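# for reference, the sequence and a predicted model appear below.
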Amino acid sequence: MATRRRFLKGAAALGFAPAIASAQGTGAGRVVVIGGGFGGATAARTLKALEPRLDVILVERDAVYTSCPYSNGVLAAVREISQQQFRYDGLKRAGVTIAQTSATAVDASARTVTLADGDRLSWDRLVISPGIDINWTVLPGYDEAAARKMPHAWKAGAQTVLLRQQLQAMDDGGLVVMSAPANPYRCPPGPYERACLIAYWMKIWKPKSKLLLLDAKDAFSKQRLFQNARAREYPGMVEWVPLSKGGAVTSVDPATLTFFTDFGRHKAAVANVIPPQKAGAIAALAGVADRTGWCPVEPVAFESTLRPGIHVLGDAAVMGAMPKSAFAANAQAKVCAAAIVDLLAGRTPVDPTLINTCYSLVAPDYGISVAGVYRPDKGVLAEVPGAGGVSPLDVVGGYRGQEALYADSWFRTITAETFG
Amino acid sequence: MRLWLLPVLACALAQAGAPARAADAPPGASSCTGCHARTTIADSVIPRIAGRKADVIATAMVAYRSGAWPSSVMGRIAKGFDDRQTAAIAAWFAVQPE
Ligand SMILES: Cc1cc2nc3c(=O)[nH]c(=O)nc-3n(C[C@H](O)[C@H](O)[C@H](O)COP(=O)(O)OP(=O)(O)OC[C@H]3O[C@@H](n4cnc5c(N)ncnc54)[C@H](O)[C@@H]3O)c2cc1C
């Protein structure tokens, strides 16, 4: 009885009819979306645009979203953190109900989401796009307190600002040490873009400084392009230590800003740990994450293979060959929204095709990209053979500058499509 | 009837800055709008394609695919679509609000 009262109160508090009356009432149904990032906000907006009769509720913890894409430019002092920030007014204008709070539990069989204050929302379909959480249990020495000394800056916001402040306070000649994790993780080319942009900044402001990138891999996205650019733009400034040369970090000591590997130790003036990650915590609570920490989904509507009725998007999901990027999360969200509209109307969604493109900046006027086209094949999203690939290695004239301009237009386009 | 309704719909969608109407969109089309904006993006250097003639879009895609037209990224993307898929996407963009 008490539960039921809370339940009704929750629905009323958010300003819609009692949750329990969902689908049957309007004939269109209710979709709750957890997480207002590139995946979730795009899904909520697209659902409402495709089927205005749908009740669409976006549950997002923060009032302001801080975008990771382009946040490496904040570290290089070519952008301000405010340029990374987006509010949810555009979604409200589009008719999406915003519940600014955390989702704390999901009941897949009762089809409800519990919010931080104990209120509950019912749904006909649930979309979860919670991004990543840091996996604090796997790198000895690296916990939440350590992240205040050795920031990850892999969730943009206060961490990004902290790392930038540390860089600016560093003495000229200081050593910046970064560590990159094994796959899979958010934004495969991100660590290399970051290393280059920090080097770009050091070249101007701390010309005696150097950067060491300890990597738990031997190969990475756009590798030759990055390596050529590094050699040309930042000769002698950036050293990359791959797995086979002792790059895997086995523990860190936040008190002395030291990284330990099987081959030795590296003491930093500024330390940036890009740690191992997993799907945002709500995914495990909802029962859609498996033992790897990520969420398996089918490749058409991105419905969980563990919990029917729940769709998982973006970084949290295992999307076959598609990388964990904002471009991909946005593309998946549009496909998922259309599929949910079909499913609620009793239609079978058709096999989708998706595109991903990740632009990286080696310098503010030097852009490179990797693209791919994806279709379901044997139960997973597979890369379409013959399509996609990286920017050419040898180019003339203003090619890299042009790609940097395209990258900037892309960022403004995708954030406008996502947040309005 | 449908044709007469289109401009009205077009206005409504443009004002809302709505994301792509993906429901009736052929496979692949909803991914294009991540770069080719539905709304006007100030100083965007990526060309608008919504509302362009279908044969103009399809011709460009085929030329990018073969390499007859130079491109930074479109060649890599266009290679993921055959003639039929390309024609469906081109036809869909042609009726989207400009
Ligand atoms: C440095 C860096 C650079 C990057 N550069 C690029 C780039 O150039 N291009 C690119 O395509 N991608 C880039 N990425 C990757 C991109 O940021 C992610 O892939 C993208 O944000 C994934 O979107 P998402 O919706 O899965 O998660 P997110 O965007 O992280 O959104 C998740 C949202 O869910 C909310 N949330 C989580 N749990 C709950 C809960 N329980 N209740 C309520 N709300 C919750 C969070 O507050 C957050 O707003 C970069 C990433 C980094 C770190």
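Nice, thanks for sending it over. Note that the coordinates shown come from a computational prediction; the quantities given were computed from them, not determined experimentally.
# C-alpha from now on. contacts and neighbour counts both.
Noted.
# residue boundaries of the strands in the stretch 101-250 of chain A?
Using DSSP state E, counting those that start in this stretch, the strands found in the stretch 101-250 of chain A span residues A:103-107, A:112-115, A:120-122, A:125-128, A:132-134, A:175-180, A:210-215, A:238-241, A:249-253.
# how far off centre is the longest helix seen in chain A?
In chain A, taking DSSP state H as the definition, the longest helix is helix A:399-419. On the basis of CA atoms, centre = their mean, to the nearest Å, helix A:399-419 is displaced by 17 Å from the centre of the chain it belongs to.
# if you count contacts, what does it end up packed against?
Helix A:399-419 sits against helix A:38-50, helix A:89-93, helix A:326-344, strand A:354-363, strand A:366-377, with contacts defined as 3 or more CA pairs under 8 Å, 6 or more residues apart in numbering or on different chains; DSSP states H and E.
# list the buried residues of it.
Neighbour counts over helix A:399-419 (16 or more other CA atoms under 10 Å in any protein chain shown) mark A:399-419 as buried.
# the one residue in chain B that gets nearest to the ligand: neighbour count?
Ranking the residues of chain B by distance to the ligand (CA to the nearest ligand atom) places residue B:34 first, at 9.9 Å. Residue B:34 is flanked by 28 other residues according to other CA atoms under 10 Å in any protein chain shown.
# can you check the pLDDT for the residue lying closest to it once chain neighbours are set aside?
Spatially, and ignoring its direct neighbours in sequence, residue B:34 is nearest to residue A:414 (5.1 Å; CA to CA, 6 or more residues apart in numbering or on different chains). At residue A:414, the model reports a pLDDT of 98.
# identify the residues contacting residue A:414.
Neighbouring residues of residue A:414 by CA atoms under 8 Å, 6 or more residues apart in numbering or on different chains: A:327, A:330, B:33-35, B:37.
# any idea how chain A splits into domains?
A:2-131+A:280-348, A:141-276 (automatic domain parsing).
# near chain B at all, the longest one?
Yes - contact between domain A:2-131+A:280-348 and chain B is present through A:42, A:45-46, A:49-50, A:93-94, A:327, A:330-331, A:334-335, A:338-339, A:341-342 (criterion: CA under 8 Å from any CA of the partner chain).
# dump the helices and strands packed on helix A:399-419 to JSON lines, plus distance to residue A:257, mean neighbour count and mean pLDDT.
Converted to JSON lines, the helices and strands packed on helix A:399-419 look like this (distance: least, CA to CA, whole Å; neighbours: other CA atoms under 10 Å in any protein chain shown; pLDDT from 0 to 100):
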{"stretch": "helix A:38-50", "distance to residue A:257": "33", "mean neighbour count": "29", "mean pLDDT": "98"}
{"stretch": "helix A:89-93", "distance to residue A:257": "41", "mean neighbour count": "17", "mean pLDDT": "98"}
{"stretch": "helix A:326-344", "distance to residue A:257": "31", "mean neighbour count": "26", "mean pLDDT": "98"}
{"stretch": "strand A:354-363", "distance to residue A:257": "26", "mean neighbour count": "26", "mean pLDDT": "98"}
{"stretch": "strand A:366-377", "distance to residue A:257": "31", "mean neighbour count": "22", "mean pLDDT": "98"}
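# from the ligand, how far out is residue A:312?
For residue A:312, the distance to the ligand equals 9 Å [CA to the nearest ligand atom, to the nearest Å].
# what does residue A:395 give?
In terms of CA to the nearest ligand atom, residue A:395 sits 22 Å off from the ligand.
# just residue A:68 next, same as before
Separation of residue A:68 from the ligand (CA to the nearest ligand atom): 4 Å.
# and what of residue A:355?
From residue A:355 to the ligand the distance is 11 Å (CA to the nearest ligand atom).
# now do the contacts for residue A:220.
Going by CA under 8 Å, 6+ apart, residue A:220 touches A:188-189.
# which residues of the chain score low on pLDDT?
No chain specified, so I'll use chain A. Low-confidence segments of chain A, defined by pLDDT under 70: A:1-27.
# that's the wrong chain, I wanted chain B
B:1-23.
# near the ligand, which residues of the stretch 251-400 of chain A?
Residues of the stretch 251-400 of chain A lying near the ligand by CA under 6 Å from any ligand atom: A:280, A:282, A:314-316, A:324-327, A:329, A:358-360.
# if you set the cut-off to 8 Å instead, what comes out?
Counting by CA under 8 Å from any ligand atom, the stretch 251-400 of chain A comes close to the ligand at A:280-282, A:313-317, A:324-330, A:356-360.
# before we move on, back to that, let's have the domains of chain A in TSV, adding distance to residue B:76.
Below are the domains of chain A laid out as TSV (distance: least, CA to CA, whole Å):
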stretch	distance to residue B:76
domain A:2-131+A:280-348	15
domain A:141-276	15
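# deepest-packed of those, please.
Greatest average neighbour count among the domains of chain A goes to domain A:2-131+A:280-348 (a mean of 21), per mean count of other CA atoms under 10 Å in any protein chain shown.
# still on that earlier bit, any chance of the helices and strands packed on helix A:399-419 in CSV with distance to residue A:157 as columns?
Formatted as CSV, the helices and strands packed on helix A:399-419 follow (distance: least, CA to CA, whole Å):
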stretch, distance to residue A:157
helix A:38-50, 15
helix A:89-93, 20
helix A:326-344, 16
strand A:354-363, 20
strand A:366-377, 24
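# so which strand or helix has residue A:271?
Here residue A:271 sits within strand A:270-273, counting by DSSP states H and E.
# residues in contact with that strand?
Strand A:270-273 has contacts (CA under 8 Å, 6+ apart) with A:147, A:149-153, A:163, A:166-167, A:170, A:174-180, A:257-258.
# no more questions from me, cheers.
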